Structure formats: C-alpha cells, structure tokens
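Novice: Have a look; sequence and predicted model below, questions after that.
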Amino acid sequence: MATLKIENIAQINGEVAIAWEDGVETYLREEELRKSCPCANCQGEPDAMGRVVRPPVIYSPKSFDLVNIEIVGGYAVKFGWADGHATGIYSYAFLRKLG
Ligand SMILES: [Zn+2]
C-alpha cells in the first residue's frame, strides 16, 4: 500500500486546503473538520461491551476557529482550536476520506 504524503497544507478562507503528493487536492471546512474530530472526547470510546456512546459535545464559535496545524509523525495532522481543544489526531487516510 502506498503511503500518502502531504505536500502542502494551508488555511484559506475558513477552509483547510491540503495538496497531496499524488496531485489530489482536498478542501475541508473548518467547522466540518472540528465536528469530525476523531478524539475520544468528541467521538466516544467503546466501553467494556464494545458499545460506543458519543458524548455530548458543546461547541462555541471558538471551536471552529483553527489556530494551529501540526504534522504528526508523517502520517497524521493535529489541529489546534481557539477553544483550547487539540487532542484530535487526524490520520492522512481519514483526511482524504473526509474530503
Ligand atoms: Zn476532539
């Protein structure tokens, strides 16, 4: 399986634009990106029985204000938001699927 790579990632007009090494470009609205946050606080964790209960997530306008983009380990991107939330690690494969 070929490993995806990001050539460039930038914030443009409320969207995150990702240029992939294979020439594909992905545009993701910041709000959509935040609502897709894959961390356990946002999406829930399976309990002992394997059931996943999605916790209630409270958003504020700051929740959709992207303040930091960080590439993690060459396979994922960590986004930091103005409300202090920064635990979501978005794998490249996940970001491609979102786009
Ligand atoms: Zn989260």
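Specialist: Structure received.

Novice: got a list of contacts for the worst-scoring helix or strand of the chain on mean pLDDT?
Specialist: Among the helices and strands of the chain, helix 40-43 carries the lowest confidence by mean pLDDT, DSSP states H and E, at a mean of 92. Applying CB atoms under 8 Å, 6 or more residues apart in numbering, the external contacts of helix 40-43 come out as 37, 52, 54-55, 57, 85, 87-88. Just so you know, the C-beta spots here come from the backbone N, C-alpha and C atoms, and that holds for glycine as well.

Novice: which parts of that helix are buried?
Specialist: Using 16 or more other CB atoms under 10 Å as the test for burial, helix 40-43 gives residue 42.

Novice: Then stretch 75-93?
Specialist: 76-81, 83, 85, 88-90, 92.

Novice: gap between residue 6 and residue 98?
Specialist: Between residue 6 and residue 98 the distance is 14 Å, computed by CB to CB, to the nearest Å.

Novice: where does the residue of the chain most remote from its centre land in three-state SS?
Specialist: Of all residues in the chain, the one whose C-alpha sits farthest from the chain's mean C-alpha position, using CA atoms, centre = their mean, is residue 49 at 27.2 Å. Residue 49 carries the three-state label coil when classified by DSSP: H, G, I helix; E, B strand; the rest coil.
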